[in-house]
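> what's the 3D shape of this:
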Amino acid sequence: MWNQIYNPLGNAGLSTIAAAIPVVTLLVLIASGKVKAHIAAIIALIVANIITIFIFTMPANMSIRASLLGVVVGFFPIGWIVLNVIFLYRITVETGRFELLQRAIGGVTTDRRIQLLLIAFSFGAFFEGASGFGTPVAITGAVLIGLGFSPLAASG
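Got it, this is the predicted structure:
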C-alpha cells in the first residue's frame, strides 16, 4: 500500500509549486493558442503522471490506473448527460417544436436584446436544469443563430 507524501520536497512552498505544475502547464498551453485544448489536457496529464511518479513517489502503475479512473469517472457521467441533451434537442427539431419555439420567442418582441435575455436566461436555465454541465450553450446558440444573430454573437 502506498501512502501519499504531502511534502515530498521538504518545503511546503516547493511541494505546492510541484503539485501546481500540471495545472499551470494546462493553462499556459491553452492560453498560448498554439495547442488545442484536448492536446493540452493530454500533455498536462502526462506531466501530472511524471510529477506524481518522480516527485511524489507514487508507483507508476498506480498513477496510470488513477489517471484511467479519472477519465472514466469524468467521461461517462458527463458524456451521458451531454448525450441526453443532444437527444432532447434532436427530438425538438424532428417534431418541429424547435422552429415553433424560435417563432414564439421572435414574436414576443422585436428587440434583439430582449430576445437574447429571454433565450440566454430563461431557455438556457431550463436546459441547465434538465441536463447540466454547460450544454445549454450549444442549444441556445443554435436558437440565437436561427433568430438571425451572427454565430460570433450567439457564441458568447
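
> tell me what the biggest helix by length in the chain is packed against?
Counting by DSSP state H, the longest helix found in the chain is helix 60-94. Applying 3 or more Cβ pairs under 8 Å, 6 or more residues apart in numbering; DSSP states H and E, we find helix 60-94 packed against helix 37-54, helix 97-108, helix 124-130, helix 136-146. All C-beta spots, glycine's among them, are computed from the backbone N, C-alpha and C.

> Please repeat the previous calculation with a cut-off of 7 Å.
Applying 3 or more Cβ pairs under 7 Å, 6 or more residues apart in numbering; DSSP states H and E, one finds that helix 60-94 makes contact with helix 37-54, helix 124-130.

> Tell me how the chain divides into domains.
12-58, 77-155 (automatic domain parsing).

> any idea which of these scores lowest on pLDDT?
Among those, domain 77-155 carries the lowest mean pLDDT, a mean of 77.

> what's the closest non-adjacent residue to Val143?
Leaving out its chain neighbours, the residue that sits closest to Val143 by Cβ to Cβ, 6 or more residues apart in numbering is Ile119, at 5.3 Å.

> I'd like to know how many residues surround that neighbour.
Residues within reach of Ile119, counting by other Cβ atoms under 10 Å, total 23.

> Helix, strand or coil: sort out it for me.
Secondary structure assignment for Ile119 (DSSP: H, G, I helix; E, B strand; the rest coil): helix.

> Surely it and Ile105 touch.
Yes: between Ile119 and Ile105 there is a contact under Cβ atoms under 7 Å: 6.2 Å.

> Pull out the buried residues from the longest helix of the chain.
Neighbour-count burial for helix 60-94, counted by 16 or more other Cβ atoms under 10 Å, picks out Ser63, Ile81, Val82, Val85, Tyr89.

> chain center to that helix: distance?
The chain centre lies 11 Å from the centre of helix 60-94; the measure is Cα atoms, centre = their mean, to the nearest Å.

> How about stretch 1-8?
On Cα atoms, centre = their mean, the centre of stretch 1-8 falls 30 Å from the chain's centre.

> go on, stretch 94-112?
28 Å.

> CA atoms only for it - export them in PDB, please.
Provided in PDB are the C-alpha atoms of stretch 94-112 (Å, rounded to 0.1, in the frame of the first residue of the first chain):
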ATOM      1  CA  GLU A  94     -37.700  16.500 -35.500                       C
ATOM      2  CA  THR A  95     -41.100  17.300 -34.100                       C
ATOM      3  CA  GLY A  96     -40.900  20.900 -35.300                       C
ATOM      4  CA  ARG A  97     -41.100  22.300 -31.800                       C
ATOM      5  CA  PHE A  98     -37.700  23.900 -32.200                       C
ATOM      6  CA  GLU A  99     -38.900  26.100 -35.100                       C
ATOM      7  CA  LEU A 100     -42.100  26.800 -33.100                       C
ATOM      8  CA  LEU A 101     -40.000  27.900 -30.200                       C
ATOM      9  CA  GLN A 102     -37.900  30.200 -32.400                       C
ATOM     10  CA  ARG A 103     -41.000  31.800 -33.800                       C
ATOM     11  CA  ALA A 104     -42.600  32.200 -30.300                       C
ATOM     12  CA  ILE A 105     -39.500  33.900 -28.900                       C
ATOM     13  CA  GLY A 106     -39.200  36.000 -32.100                       C
ATOM     14  CA  GLY A 107     -42.800  37.000 -31.700                       C
ATOM     15  CA  VAL A 108     -42.500  38.100 -28.100                       C
ATOM     16  CA  THR A 109     -40.500  41.200 -29.000                       C
ATOM     17  CA  THR A 110     -38.600  42.500 -31.900                       C
ATOM     18  CA  ASP A 111     -35.900  44.000 -29.600                       C
ATOM     19  CA  ARG A 112     -32.900  41.700 -30.100                       C
END
